[in-house]
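**Student:** pasting the sequence and the predicted coordinates here, then a few questions.
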Amino acid sequence: MTTSSRTESTPVERADHEREGSEHVDLLIIGAGLSGIGAAVTLGERFPEKSLAILEARESLGGTWDLFRYPGVRSDSDMLTLGYSFRPWREASALASGPDILEYVRDTARERGVDRLIRYGHRVVEAAFDSGTGRWTVTVERDGRTTTMTTGFLYVCAGYYRYDAGYTPEFLGAADFGGRLVHPQQWPDGLDVDGRHVVVIGSGATAVTLVPALAKLGAHVTMLQRTPTWIFSLPSMDRTAVKLRRRLPTPVVEPLLRWRNVMMQMASYQLSRRRPEVMKKQLLTAVTRKLPQDYDVDTHFLPPYNPWDQRLCAVPDGDLFRSIRDGKAEVVTDTIDRFTADGIRLTSGRTLPADIIVTATGLRLQLLGGMTLRVDGQTVDPSQRLTYQGAMLDGVPNLALAIGYTNASWTLKIDLVNRFLVRVLTRMQRRHADVVTPVAPDVPTEARTPLLDLNSGYINRSVDVLPRQGPKAPWRINQNYLLDLAMFRWGRITGRGLRFTRSSGTAGTATTRTPVNEKVVA
């Protein structure tokens, strides 16, 4: 991270000083995962004169990539687009392992100096904005104590799922099971699966990752699914990228490779949406070629929904299919009647023996890291708010959210949001404003749609806790990188629903704000 050209002090030094004093920072980021580190680098290097801190509830950085420790954990997006635009992924692997991604995030934080800005073990429980001062007061739990600090702008990079607990349905007879019951989100250290019968319940990205990984560790694995998922094979090594890097200079080849993958992702998604039958045929044909002859592909790999109604699952080098061909793994499509002492009894009457049952049954959604949000004493219910470009909440000042794409790499969207916030904060400086608030138009309830447009179980279970989106931009999420690129980087800042104001500088209510000659147009 660059330092200020001024001689007074660096942002790091000022933030350290504030810890002992008023506990105020200009920019406060919640979460030190992939999103939080990227945000700190972008904002810190663009605004070296501002003090900045990162609050992380856990004791280490990395977010998802530090939390998940199950066998085989890896990305399900290609690393050329999941990696940071300012520090491209230069390894040969297309789908990287969890430990490699974690090391990449750590290296980035260390090289750019933002690791010094992280305060570990700081869990934010409440954030309250006062329009009179133009500041957030953030309540933090750390070391069994509750403290507060203030900030001018709050950027929540905590994702949208709970880190402390995954989702496990209520299974009849679960208490009777005599083996080990494990959720991937809390994978135990040293779990020995060699020679054990392991049943993995689920068919999403976690399940299709676990099955071949457990088979390699010597387990007899059964993937038990209620319905199939669309799965495709992707080479684990990007040979084209390797060749181009040998022949072209880095400033040329890295953007070229990134754009190639962006366009491939968009083409796949658009084909799925516009001509789903064509995409279904392509996916099914590719799967059939990788499975044994006469395998019942339709039962186990033909979902009852179109591609991208739920997220597609990528498997590196077809490792899942290879495990099936080699007889080390089996896919069973059925429903659960009940758990028994030594396995699972299915509705069909079949019993699956199990020493270990892994419930790869999804996540629990949670917005804002679970914190309570208040504006001028009023509690904010995010589910009743519209999102401004998927990055801010209507009626909530000086707050941004990091929510990535569902149909492409997460980081592609976060990178755009970071650059957008640079534009917003720059405009605030030029206008001498200290408050920016999205002001939504009057959108009827029936025109408000869910924030995330996938039909996945983990989203459907918790759709009511997430914000909504409106019928048109900037209150509607595009899920289209090209459209977002134009909107976030070159679209108008003023006249599209953002209101810039000045606070009175003293505690007060919303009536103390002074407009800064900005026309608000919904």
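**Tutor:** On my side now, so go ahead. Numbering: from 1, shown residues only.
**Student:** buried sites along stretch 111-125?
**Tutor:** In terms of neighbour count (16 or more other C-beta atoms under 10 Å), stretch 111-125 has its buried residues at R112, G113, V114, D115, R116, L117, I118, H122, R123, V124. All C-beta atoms are positioned from the backbone trio N, CA, C, and that covers glycine.
**Student:** again, but for stretch 424-443
**Tutor:** Of the residues in stretch 424-443, those buried (16+ other C-beta under 10 Å) are 424-425, 427-428, 431, 433-438, 440, 443.
**Student:** next, the distance between the ends of it.
**Tutor:** Taking C-alpha to C-alpha, to the nearest Å as the measure, stretch 424-443 stretches 24 Å from start to finish.
**Student:** kindly report the same for stretch 448-465.
**Tutor:** 14 Å.
**Student:** with the buried residues of stretch 424-443 in mind, which one is nearest to T387?
**Tutor:** Closest approach between the buried residues of stretch 424-443 and T387, by C-beta to C-beta: P438, at 8.4 Å.
**Student:** show me what the closest one is bridged to.
**Tutor:** Counting by DSSP bridges, P438 is bridged to L498.
**Student:** thought it was touching Y388?
**Tutor:** Yes - contact criterion C-beta atoms under 8 Å: P438 and Y388 qualify, at 3.7 Å.
**Student:** who touches both of these two?
**Tutor:** Contact with both P438 and Y388 is made by residues D394, G497, L498, according to C-beta atoms under 8 Å, 6 or more residues apart in numbering.
**Student:** separation between the last one and R423?
**Tutor:** Counting by C-beta to C-beta, to the nearest Å, the gap from L498 to R423 is 10 Å.
**Student:** nearest to M487, of the buried residues of stretch 424-443?
**Tutor:** Distances from M487 to these, taken as C-beta to C-beta, are shortest for V424 (13.0 Å).
**Student:** quick one on the thing from earlier: more crowded one of L498 and R423?
**Tutor:** Comparing L498 with R423 by other C-beta atoms under 10 Å, the one with more neighbours is L498, at 22 against 15.
**Student:** distance of the more buried one relative to V439?
**Tutor:** Distance from L498 to V439, by C-beta to C-beta: 7 Å.
**Student:** can you get me a residue count around I357?
**Tutor:** Using other C-beta under 10 Å, I357 has 24 other residues around it.
**Student:** how far away from the center of its chain is the helix or strand hosting it?
**Tutor:** Counting by DSSP states H and E, the element that carries I357 is strand 356-359. When distances are taken as C-alpha atoms, centre = their mean, to the nearest Å, strand 356-359 is centred 25 Å away from the chain's centroid.
**Student:** quick one: average pLDDT of the helix or strand following that strand?
**Tutor:** Elements were assigned by DSSP H and E; along the chain past strand 356-359, the next helix or strand is strand 372-375. On average, the pLDDT along strand 372-375 is 96.
**Student:** please shift the residue numbers so they start at 24 in all later answers.
**Tutor:** Sounds good: first residue 24 from here, last item strand 395-398.
**Student:** give me the buried positions along strand 395-398.
**Tutor:** Neighbour counts using 16+ other C-beta under 10 Å place L396, R397, V398 of strand 395-398 among the buried residues.
**Student:** name the residues that touch that strand?
**Tutor:** Applying C-beta under 8 Å, 6+ apart, the external contacts of strand 395-398 come out as 148-152, 154, 402-403, 405, 418-420, 422.
**Student:** longest helix of the chain?
**Tutor:** Longest among the helix segments of the chain by residue count, using DSSP state H, is helix 273-297.
**Student:** would you mark the buried spots in that one?
**Tutor:** Buried residues in helix 273-297 (16+ other C-beta under 10 Å): V276, E277, L280, R281, R283, N284, V285, Q288, M289, S291, Y292, S295.
**Student:** show me the domain layout of this protein.
**Tutor:** Listed by automatic domain parsing, the domain ranges of the chain are 34-186+388-455+463-515, 197-382.
**Student:** and stretch 86-104, how far apart are its ends?
**Tutor:** The straight-line separation of the ends of stretch 86-104 (C-alpha to C-alpha) is 18 Å.
**Student:** and the helix or strand where F344 lies, what's buried?
**Tutor:** F344 belongs to helix 342-348 when assigned by DSSP H and E. Residues D342, L343, F344, R345, S346, I347 are the ones in helix 342-348 that count as buried (16+ other C-beta under 10 Å).
**Student:** show me where the stretch 124-273 of the chain has strands.
**Tutor:** With DSSP state E, counting those that start in this stretch, the ranges of strands along the stretch 124-273 of the chain come out as 141-143, 146-153, 158-165, 168-179, 203-205, 220-224, 243-248, 254-257.
**Student:** look up which residues are beta-bridged to the nearest residue to A337 once chain neighbours are set aside.
**Tutor:** Once flanking residues are discounted, A337 sits nearest to L257: 4.6 Å by C-beta to C-beta, 6 or more residues apart in numbering. Beta-bridge pairing for L257 (DSSP bridges): P339.
**Student:** okay, L257: pLDDT?
**Tutor:** pLDDT, L257: 90.
**Student:** residues touching it, list them.
**Tutor:** Contact partners of L257, counting by C-beta under 8 Å, 6+ apart, are D101, A117, L118, A337, V338, P339, D340.
**Student:** pretty sure the fifth one contacts S256?
**Tutor:** Just to be clear, that refers to V338. Yes - at 5.5 Å, V338 and S256 qualify as touching, with contact defined as C-beta under 8 Å.
**Student:** show me which of the two is the more surrounded one.
**Tutor:** For V338 and S256, the more surrounded residue by other C-beta under 10 Å is V338, and the numbers stand at 25 against 19.
**Student:** from P111, how far out is that one?
**Tutor:** On the measure of C-beta to C-beta, V338 and P111 end up 24 Å apart.
**Student:** go on, A198?
**Tutor:** Taking C-beta to C-beta, one finds A198 at 50 Å from P111.
**Student:** ok, the two, which is more surrounded?
**Tutor:** Just comparing A198 and P111: by other C-beta under 10 Å the higher neighbour count belongs to P111, 15 against 8.
**Student:** and the more buried one, what pLDDT?
**Tutor:** For P111, the predicted pLDDT is 94.
**Student:** and the residue lying closest to A230 once chain neighbours are set aside, how many neighbours?
**Tutor:** In this structure, A230 finds its nearest non-sequential neighbour in A383, 4.1 Å apart by C-beta to C-beta, 6+ apart. A count of neighbours around A383, defined by other C-beta under 10 Å, yields 26.
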